[in-house]
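Chemist: sequence? don't have it. structure:
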């Protein structure tokens, strides 16, 4: 593009342009030789699709490679301001700008780098444009057209139409939308912190048996009496039971036509690894096959490749993938204990061990329900009651943060077209835009 055209593009009002015209690079990476077995304990980050969420980055399971492996991927070095988009599988279309502290990183073959020419377009504006539901639905339509597996090709991305206002307007819009996004991220951070506290209390009380005794002292280390069991020593007055004695599986299936198109839908792609806080979901209008019905408070367990550790509490009524087990307690007094028990790494390891299938292993509830847990009884039932009160308060706080974030997300998505059309003026100063 010549200088005259570039100048007019930077200064002109909104126009439609192909994504490739505002990019210096669109391209995916590769997995180092040896696959996951070649990853290191320390080194340079290799960003994979499981790390990328819309407007967010998941640090868990971030792969690391050494300098030699990184040199083989020099053509996919991630630079500041690069947009990363998932181009294959169930998470296709998810995109974010990765944290600067990870750079210079690399990407694998399931992730594409979109590098914006900063003199023409603002990377954050383009990112918000890509995650907006209108664009997202267009990308998902491209990805599902004529293929057995969802995928976005380089040419699909290059030919994507972008409505581009002036660079000044782009920066102003991005600044406004980022304020919403910052609050959503803050809610997510608070929820993760509350979840970690609840998990720590559960471990201290129900695994280490250091719950407060009648003198408010830690039970086991204060000389509390222990008895032998099939799980090893447990407090006297406790019993060993199967998780299947606490939980029942719900098998109510529905077809998409039976529920409204905007009804919540949770797939495995919406469930974060290792977190019970489910703050992302889609809508039934995006699915075609039969799904499972769930209710708010149900436990959702990803049975496909259970080692991915996808367990969460449903924050709303909805439907989910048939690769997700819907579980709930027969006695509500055991709900908190059941949630934390199923979310434990030991349960995930057990589920992985009893799953069947080589390439796509799946866990079966008939096997999972035989997992053993220790339960306080009699005079020790107060331990369960106290933990249940603590846990339910934390979950209520989870849900409040989730609902607020959902409203903010909808407001953010609705604002983009209004800000671009001029229906709503960007409420920021020139100084704020220049500093963004």
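Modeler: Nice, thanks for sending it over. Note that this is a predicted model, so its numbers are computed, not measured. Numbering: from 1, shown residues only.
Chemist: what ranges does the stretch 1-150 of the chain have for its helices?
Modeler: 3-11, 67-71, 123-131, 133-144 (DSSP state H, counting those that start in this stretch).
Chemist: excluding covalently adjacent residues, which one is nearest to the residue nearest the centre of the chain?
Modeler: For the chain, the residue sitting closest to the mean C-alpha position, by Cα atoms, centre = their mean, is residue 272 at 3.6 Å. Leaving aside its chain neighbours, residue 272 sits nearest to residue 58 (6.5 Å; criterion: Cβ to Cβ, 6 or more residues apart in numbering). Glycine gets a C-beta too; all of them are placed from N, C-alpha and C.
Chemist: count of residues packed around that neighbour?
Modeler: When counting by other Cβ atoms under 10 Å, one arrives at 17 neighbours for residue 58.
Chemist: I figured it was touching residue 271, is that so?
Modeler: No - counting by Cβ atoms under 8 Å, residue 58 does not reach residue 271; the two are 11.4 Å apart.
Chemist: residue 95 contacts residue 49, correct?
Modeler: No - judged on Cβ under 8 Å, residue 95 makes no contact with residue 49 at a distance of 10.6 Å.
Chemist: which neighbours do the two have in common?
Modeler: Common neighbours of residue 95 and residue 49, using Cβ atoms under 8 Å, 6 or more residues apart in numbering, are residue 86.
Chemist: about what we covered before: was I right about the residue nearest to the centre of the chain contacting residue 56?
Modeler: No - counting by Cβ under 8 Å, residue 272 does not reach residue 56; the two are 9.5 Å apart.
Chemist: residues of stretch 315-334 that come out buried?
Modeler: Neighbour counts over stretch 315-334 (16 or more other Cβ atoms under 10 Å) mark 315-316, 318-321, 323-329, 334 as buried.
Chemist: how about stretch 365-373?
Modeler: In terms of neighbour count (16+ other Cβ under 10 Å), stretch 365-373 has its buried residues at 365, 368, 369, 371, 373.
Chemist: chain center to that stretch: distance?
Modeler: Chain-centre distance of stretch 365-373: 26 Å, with Cα atoms, centre = their mean, to the nearest Å.
Chemist: what's the end-to-end length of that stretch?
Modeler: Taking Cα to Cα, to the nearest Å, the first and last residues of stretch 365-373 lie 16 Å apart.
Chemist: just grab the bridge partners of residue 52 for me.
Modeler: Taking DSSP bridges, one finds residue 57 as the beta-bridge partners of residue 52.
Chemist: residues contacting residue 18?
Modeler: Taking Cβ under 8 Å, 6+ apart, one finds 158, 159, 160, 161, 162 in contact with residue 18.
Chemist: ugh, typo on my part, it should be residue 96
Modeler: 52, 53, 54, 55, 56, 57, 83, 84, 127.
Chemist: just the ones of the buried residues of stretch 315-334 in strands?
Modeler: Among these, the members falling in strands (DSSP state E) are 318, 319, 320, 324, 325, 326, 327, 328, 329.
Chemist: would you list those in a markdown table and tack on distance to residue 388 and pLDDT?
Modeler: Formatted as a markdown table, those follow (distance: Cβ to Cβ, whole Å; pLDDT from 0 to 100):
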| residue | distance to residue 388 | pLDDT |
| --- | --- | --- |
| 318 | 24 | 95 |
| 319 | 28 | 96 |
| 320 | 25 | 96 |
| 324 | 25 | 97 |
| 325 | 22 | 98 |
| 326 | 21 | 98 |
| 327 | 17 | 98 |
| 328 | 15 | 96 |
| 329 | 11 | 96 |
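Chemist: can you list these in TSV and add distance to residue 70?
Modeler: Below are those laid out as TSV (distance: Cβ to Cβ, whole Å):
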residue	distance to residue 70
318	42
319	43
320	38
324	36
325	39
326	43
327	43
328	47
329	48
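Chemist: closest one of these to residue 218?
Modeler: Using Cβ to Cβ, residue 329 comes nearest to residue 218 of these, at 27.5 Å.
Chemist: shouldn't the closest one be in contact with residue 244?
Modeler: No - judged on Cβ under 8 Å, residue 329 makes no contact with residue 244 at a distance of 11.3 Å.
Chemist: please parse the protein into its domains.
Modeler: For the chain, automatic domain parsing gives the domain ranges 18-164, 215-380.
Chemist: rebuild these as TSV, extending it with distance to residue 208.
Modeler: Formatted as TSV, the domains of the chain follow (distance: least, Cβ to Cβ, whole Å):
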stretch	distance to residue 208
domain 18-164	24
domain 215-380	7
